[in-house]
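Participant: For reference, the sequence and a predicted model appear below.
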Amino acid sequence: MTMHLRMIDCGGHLDAEARKQHEREQVVFQRLLESHEAIRRELEFIEGGTRTVTTATDPELAALLRVHVPELHRRLRESAHLRDRDPLYRTLFEQRGRIEVHVEERPDGVVVDEVSEDPDLAHKLREHATQVNTFVLAARELARQYPPVMADDAVSERVGRVA
């Protein structure tokens, strides 16, 4: 199933289709937050940027990672902004054409390389990856603060059942 995030022109509000997609993304995100302790994220600084390896031994969590991570990079490609008030995110979205992203799906999760030939942008990619690591470390507490936004069936519809 291919889904596209669309914004309506007046005020940047989500249309019905985009709202539904956003809610599905939030369910996946919430599940990953709730399962924080079962997910392993390794960050490596490589030439021009970062490599992250995010894995889970639970097949359902691994499937969720394979949905969530490419979805974030689709947002970057399509300039479907996240966190517009954050200067780092704004810069990454504005400079997205100068960022190379390679997502390798694995049975246990994903490997992502994000690089740029621009040294300043490479530094910003490393800064962003470090922020994500900080966020992941705080994920358990955040998950307690925000209840799920949709029923469990929404996740199954998005990622399919894992046998």
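Facilitator: Thanks, I have it. Keep in mind that this is a model prediction, so the values were computed, not measured. Residues are numbered from 1 along each chain as shown.

Participant: I'd like the mean pLDDT over stretch 120-137, please.
Facilitator: Taken as a whole, stretch 120-137 has a mean pLDDT of 91.

Participant: Can you mark which positions in it are buried?
Facilitator: For stretch 120-137, burial by neighbour count (16 or more other Cβ atoms under 10 Å) applies to Leu121, Ala122, Lys124, Leu125, Arg126, His128, Ala129, Val132, Val136. In this view, the C-beta of every residue, glycine as well, is placed from N, C-alpha and C.

Participant: Contacts only, for the closest residue to the fourth one other than its chain neighbours.
Facilitator: Ranked by Cβ to Cβ, 6 or more residues apart in numbering and with sequence neighbours excluded, the top spatial neighbour of Leu125 is Gly49, at 4.2 Å. For Gly49, the residues meeting the contact criterion (Cβ atoms under 8 Å, 6 or more residues apart in numbering) are Ile99, Asp113, Glu114, Val115, Ser116, Ala122, Leu125, Arg126.

Participant: Any chance of JSON lines for those, columns secondary structure and distance to Gln26?
Facilitator: Below are the contacts of Gly49 laid out as JSON lines (DSSP: H, G, I helix; E, B strand; the rest coil; distance: Cβ to Cβ, whole Å):
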{"residue": "Ile99", "secondary structure": "coil", "distance to Gln26": "25"}
{"residue": "Asp113", "secondary structure": "strand", "distance to Gln26": "26"}
{"residue": "Glu114", "secondary structure": "strand", "distance to Gln26": "23"}
{"residue": "Val115", "secondary structure": "strand", "distance to Gln26": "29"}
{"residue": "Ser116", "secondary structure": "coil", "distance to Gln26": "29"}
{"residue": "Ala122", "secondary structure": "helix", "distance to Gln26": "30"}
{"residue": "Leu125", "secondary structure": "helix", "distance to Gln26": "25"}
{"residue": "Arg126", "secondary structure": "helix", "distance to Gln26": "27"}
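
Participant: Now flag whichever of the residues you listed is closest to Ala62.
Facilitator: Nearest to Ala62, judged by Cβ to Cβ, of these is Asp113 at 18.9 Å.
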